[in-house]
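S.K.: sequence first, then the predicted structure:
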Amino acid sequence: MDAATLKDLSVALAFGIGAVGPAIAIGMIGAGALNALGRNPEAKDDIRAFMILAIAFAEALAIFAFVIAMILNFL
């Protein structure tokens, strides 16, 4: 393989692997929030606030992976 092919592969892997983790995490956060709402519906405001905060942190990891992939792409 030449250098350009390896560079393209590294960009694809950096973003692909970096996006899978947050996607799984967001799904687990949503499932956990629905489970918590089913057990304690009165706490919906607190559950929603913590769920949105956790999703924002998980999404930040995907954004970091995207930034790293773009840095690798333009080097």
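M.R.: Arrived safely, thanks for sending.
S.K.: longest helix of the protein?
M.R.: helix 3-39 (DSSP state H).
S.K.: return the set of buried residues in the helix or strand following that helix.
M.R.: Sequence-wise, the next helix or strand beyond helix 3-39 is helix 44-74, with elements assigned using DSSP states H and E. Neighbour-count burial for helix 44-74, with 16 or more other C-beta atoms under 10 Å as criterion, is recorded at Ile47, Met51, Ala54, Ile55, Ala58, Ala62, Ala65, Ala69, Leu72. Just so you know, the C-beta spots here come from the backbone N, C-alpha and C atoms, and that holds for glycine as well.
S.K.: which parts of stretch 26-36 are buried?
M.R.: Neighbour-count burial for stretch 26-36 flags Ile26, Ile29, Ala33, Ala36 (criterion: 16+ other C-beta under 10 Å).
S.K.: biggest separation within those, which pair?
M.R.: Ile26 and Ala36 (15.5 Å; C-beta to C-beta).
S.K.: that'll do, ta.
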